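1. Quick one, what's the 3D model for this:
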Amino acid sequence: MPNISDPDTQIQRPTTTRPILIFKIKNNQKKVISINTYYTDSYSSTKRKGVITHELGHALGLAHEDRLGPGGAVMYSNDGRTVYSPTSDDINGVNAIY
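-> This is a model prediction of the structure:
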């Protein structure tokens, strides 16, 4: 598990009934990321990290980005994405929000 010193952040081992990450962001809003392990247990570790990164993008306020195609942004809307970490488009989106 990563070393996180923020007392408002919790990282948990994902299960089908428990969130994987709970944290607070802008305006002290609580965000929860849940991953359904029923589907993701068969994914490679790289693909699982991509799913978690995608869901973290939603928690930070990003919407789906399909204009760039499956290789253009981690926020591509379906499972066919071919990038698993934030791209410049994703980073620019977060910077525009914050």
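2. Phi and psi next, for Pro70.
-> Main-chain dihedrals, Pro70, degrees, to the nearest 10: phi -60, psi -20.
3. Show the contacting residues for it.
-> For Pro70, the contact set (C-beta atoms under 8 Å, 6 or more residues apart in numbering) comprises Tyr76, Asn78, Gly80, Arg81, Thr82, Val83. (Each C-beta comes from the backbone N, C-alpha and C, glycine too.)
4. Most neighbours of all these, which one?
-> The residue in the contacts of Pro70 with the most neighbours, by other C-beta atoms under 10 Å, is Tyr76 (24 neighbours).
5. Return the distance of the residue nearest to it when sequence neighbours are not counted relative to Lys49.
-> Closest residue to Tyr76 apart from its sequence neighbours, by C-beta to C-beta, 6 or more residues apart in numbering: Pro70 at 5.2 Å. To Lys49, Pro70 is 16 Å away according to C-beta to C-beta, to the nearest Å.
6. Determine how far the helix of greatest length in the chain lies from the middle of the whole chain.
-> Longest helix of the chain, by residue count under DSSP state H: helix 45-59. Here the centre of helix 45-59 is set off from its chain's centre by 4 Å, with C-alpha atoms, centre = their mean, to the nearest Å.
7. Not counting it itself, show me its contacts.
-> With contact meaning C-beta under 8 Å, 6+ apart, helix 45-59 is reached by 20-21, 23, 25, 31-35, 40, 43, 74-76, 81, 83-86, 90, 93-94.
8. try 7 Å this time
-> For helix 45-59, the surrounding residues in contact (C-beta atoms under 7 Å, 6 or more residues apart in numbering) are 20, 31, 33, 35, 40, 43, 74-75, 81, 84-86, 90.
9. Val74 belongs to a strand, doesn't it?
-> No. Using DSSP: H, G, I helix; E, B strand; the rest coil, the assignment for Val74 is coil, not a strand.
10. got the contact list for it?
-> Neighbouring residues of Val74 by C-beta under 7 Å, 6+ apart: Gly50, Thr53, His54, Gly57, Arg81, Val83, Tyr84, Ser85, Pro86, Thr87, Asp90.
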